[in-house]
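1. Quick one: sequence and predicted model below, then my questions.
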Amino acid sequence: MVVAIDGPAGAGKSTTAKAVASELGFRHLDTGAMYRAVALVAAERAIEPLEASKSILIEPGPPLTIDGAAPGESLRTASVTEGASRVAGDPEVRKVLVERQRQILADGDWVVEGRDICTVVAPDAEVRIWLTASELERAKRRAGESDADVASVLEAQKLRDSADQGFGRSTLDKPEGSVSLDTTELDLDQVVAQIVQLVEEARS
Ligand code: DC
């Protein structure tokens with residue numbers, strides 16, 4: 001079974017997807033980390049992102065590996081975050097990564113998160129969720145993870161939300177036929193419980 005989760009930055013996709021996967025005994029695929037991996041390798045080797053995307057083997061883990069080595073927190077630096085957003089705007093890179101994502105998802109049970117999972121990568125997924133939260137709540141959560149103030153996170157978030165559109169991505173629009181889950185007022189356990197219930201309904 002595939003549980004697909006899309007939504008904007010800061011909606012809690014990664015934390016939620018990891019928790020749901022652990023609750024259900026499914027594997028977890030973070031497709032944003034794959035765009036980050038391509039940006040990291042392109043910068044490190046001073047090559048074009050497309051060349052980077054074609055020359056590396058990404059395994060989902062956990063931990064996610066690039067040619068067998070785990071990049072860990074180096075995927076989360078500001079420059080990789082910025083680079084990943086640019087890389088994700090290259091249709092050729094997207095083609096390579098979407099193909100790899102479909103290959104990975106072909107076997108077993110998965111919780112997979114990103115921006116185009118419900119629409120492009122796994123439109124036939126048994127459970128399709130659009131995870132969202134208010135703009136301010138998302139910025140507060142992001143600010144809480146770093147030393148940055150909410151106002152500057154909010155500004156950067158607006159820019160990134162608008163850059164992370166196109167190519168069928170559901171950054172700010174609910175994918176057709178998906179279930180919308182607004183996490184603004186919910187804690188992680190409540191969100192996980194709702195998704196597990198959707199999975200149980202899909203199974204029955
Ligand atoms: O979710 P994230 O911040 O780790 O994603 C990194 C970048 O990749 C972000 O700019 C959005 C983009 N992305 C995408 O375009 N499609 C996906 N399926 C996942 C992420």
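-> All right, it came through fine. Residues are numbered from 1 along each chain as shown.
2. and stretch 120-136 with the ligand, contact?
-> No: on the criterion C-beta under 6 Å from any ligand atom, stretch 120-136 is out of touch with the ligand, staying 6.7 Å away. All C-beta spots, glycine's among them, are computed from the backbone N, C-alpha and C.
3. First-to-last residue distance for that stretch?
-> 28 Å (C-alpha to C-alpha, to the nearest Å).
4. tell me which residues in it are buried?
-> If you call a residue buried by 16 or more other C-beta atoms under 10 Å, then stretch 120-136 has these buried ones: 120-123, 125, 127-133, 135.
5. so of those, which ones are in helices?
-> The helices, defined by DSSP state H, take in Glu135 from these.
6. Surely Ala19 touches Gln194?
-> No: taking contacts as C-beta atoms under 8 Å, Ala19 lies outside contact range of Gln194: 11.8 Å.
7. okay, those two: which has more neighbours?
-> Using other C-beta atoms under 10 Å, the more surrounded residue of Ala19 and Gln194 is Ala19, with 19 against 16.
8. For that one, grab phi and psi.
-> phi -70, psi -40 (degrees, to the nearest 10).
9. packing partners for the helix or strand where Arg160 lies?
-> According to DSSP states H and E, Arg160 maps onto helix 150-163. Applying 3 or more C-beta pairs under 8 Å, 6 or more residues apart in numbering; DSSP states H and E, one finds that helix 150-163 contacts helix 78-87, helix 135-144.
10. Apply 6 Å and report the result again.
-> With contacts taken as 3 or more C-beta pairs under 6 Å, 6 or more residues apart in numbering; DSSP states H and E, helix 150-163 sits against helix 135-144.
11. Could you list every helix and strand in contact with the helix it packs on?
-> Checking 3+ C-beta pairs under 6 Å, 6+ apart, helix 135-144 ends up next to helix 150-163.
12. need the next SSE after the helix it packs on, C-terminal direction.
-> Next along from helix 150-163, by DSSP H and E: strand 179-182.
13. how about the residue positioned nearest the centre of the chain, what does it touch?
-> Nearest to the mean C-alpha position of the chain, by C-alpha atoms, centre = their mean, lies Gly114 at 2.9 Å. Taking C-beta atoms under 6 Å, 6 or more residues apart in numbering, we find Gly114 in contact with 31-32.
14. Please repeat the previous calculation with a cut-off of 7 Å.
-> Contacts for Gly114 (C-beta atoms under 7 Å, 6 or more residues apart in numbering) come out as 6, 31-32, 121.
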